[in-house]
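Peer 1: Need a 3D model of the following:
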Amino acid sequence: FDAEFSFLKSRIQWKNVLVAWSGLWHDAFVLAEYNKYVTGIELIQNFVKEANENLKKTNYKNISFIYWDFLNYTCPDKYFDAVVLNMWTIGNFDDKESVIKSLFRMWKKLYFGFWIPEVKDISFRLQMYNEEKNFRDVNFEIDWTTIREKNSWLESNCTKTEEIQNIVHNIWAKVKLYPVFKSFVVAEVF
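Peer 2: Here you go, the predicted structure:
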């Protein structure tokens, strides 16, 4: 997580940030340390509840979490300088173009990470996910370069860089790809 957070800090500071599919809170809490305001939107209502409970245990005053589907999120009264799709999740969407297009249409910059298919890095990724056991009880299974939670529908899939480049080209945007660590890449869409 440190490499991901270090990258975000190098790119997003003193901004109003939207974290789409904000999950349990990780990215939002880190981004709050060096940004004006962070709004997390999440489709899983229990995650929103848990994130808000954890928020109460902190001193952060510049974060809010709301229950919403980011594919249908509209906020003409709120302006965001950047949107961060909760890292590593883009690979889990069947229609990645709709996701990227939906998030990019309202904000200046979109950041999301993805794993490229590298079997050699699967044990590293599994170790990283096992660290999340500190936050919740999970067990994993591996299918080539996909890691699945055994007791839920959540999984971590890989995506080829060419697929991301083609999608961004199709929505008339530009992308820079930054290798962050091992087979993890962050896309900056602008």
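Peer 1: Which secondary structure state does D94 sit in?
Peer 2: coil (DSSP: H, G, I helix; E, B strand; the rest coil).
Peer 1: Please put the alpha-carbon coordinates of the helix or strand bottoming out on mean pLDDT in the chain into CSV.
Peer 2: Scoring the helices and strands of the chain by mean pLDDT, DSSP states H and E places helix 122-131 at the bottom, with a mean of 75. The C-alpha trace of helix 122-131 is given here as CSV (Å, rounded to 0.1, in the frame of the first residue of the first chain):
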residue,chain,number,x,y,z
ILE,A,122,0.8,-13.5,-7.7
SER,A,123,2.4,-14.5,-4.4
PHE,A,124,3.3,-10.9,-3.7
ARG,A,125,-0.3,-9.8,-4.4
LEU,A,126,-1.7,-12.6,-2.2
GLN,A,127,0.6,-11.5,0.6
MET,A,128,-0.7,-8.0,0.3
TYR,A,129,-4.3,-9.1,0.4
ASN,A,130,-3.6,-11.2,3.4
GLU,A,131,-2.5,-8.0,5.2
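Peer 1: hmm, who's touching it?
Peer 2: F1, W115, V138, F140, I142, T145, I147, S156, K182 (CB atoms under 8 Å, 6 or more residues apart in numbering). (Each C-beta comes from the backbone N, C-alpha and C, glycine too.)
Peer 1: how about those residues in a markdown table, adding distance to W25, secondary structure and neighbour count?
Peer 2: Converted to a markdown table, the contacts of helix 122-131 look like this (distance: CB to CB, whole Å; DSSP: H, G, I helix; E, B strand; the rest coil; neighbours: other CB atoms under 10 Å):
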| residue | distance to W25 | secondary structure | neighbour count |
| --- | --- | --- | --- |
| F1 | 12 | coil | 12 |
| W115 | 22 | strand | 22 |
| V138 | 16 | coil | 14 |
| F140 | 21 | strand | 18 |
| I142 | 26 | strand | 13 |
| T145 | 27 | coil | 19 |
| I147 | 21 | strand | 21 |
| S156 | 18 | strand | 20 |
| K182 | 24 | coil | 15 |
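Peer 1: ok, G91 - contacts?
Peer 2: F114, W115, S156, N157, C158, T159.
Peer 1: now for these, which pair is the farthest apart?
Peer 2: Farthest-apart pair in the contacts of G91 is S156 and T159; separation 10.6 Å (CB to CB).
Peer 1: which residues are common contacts for these two?
Peer 2: Jointly contacting S156 and T159 under the rule CB under 8 Å, 6+ apart are G91, W115.
Peer 1: And the strands in this protein, which stretches?
Peer 2: 16-20, 37-42, 63-67, 82-85, 109-115, 140-143, 146-149, 155-156, 175-181, 184-189 (DSSP state E).
Peer 1: Just put the ones you listed in JSON lines and tack on mean pLDDT and distance to Y129.
Peer 2: As requested, the strands of the chain are exported to JSON lines (pLDDT from 0 to 100; distance: least, CB to CB, whole Å):
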{"stretch": "strand 16-20", "mean pLDDT": "93", "distance to Y129": "19"}
{"stretch": "strand 37-42", "mean pLDDT": "93", "distance to Y129": "19"}
{"stretch": "strand 63-67", "mean pLDDT": "94", "distance to Y129": "22"}
{"stretch": "strand 82-85", "mean pLDDT": "92", "distance to Y129": "18"}
{"stretch": "strand 109-115", "mean pLDDT": "92", "distance to Y129": "11"}
{"stretch": "strand 140-143", "mean pLDDT": "81", "distance to Y129": "6"}
{"stretch": "strand 146-149", "mean pLDDT": "80", "distance to Y129": "6"}
{"stretch": "strand 155-156", "mean pLDDT": "78", "distance to Y129": "7"}
{"stretch": "strand 175-181", "mean pLDDT": "94", "distance to Y129": "15"}
{"stretch": "strand 184-189", "mean pLDDT": "94", "distance to Y129": "13"}
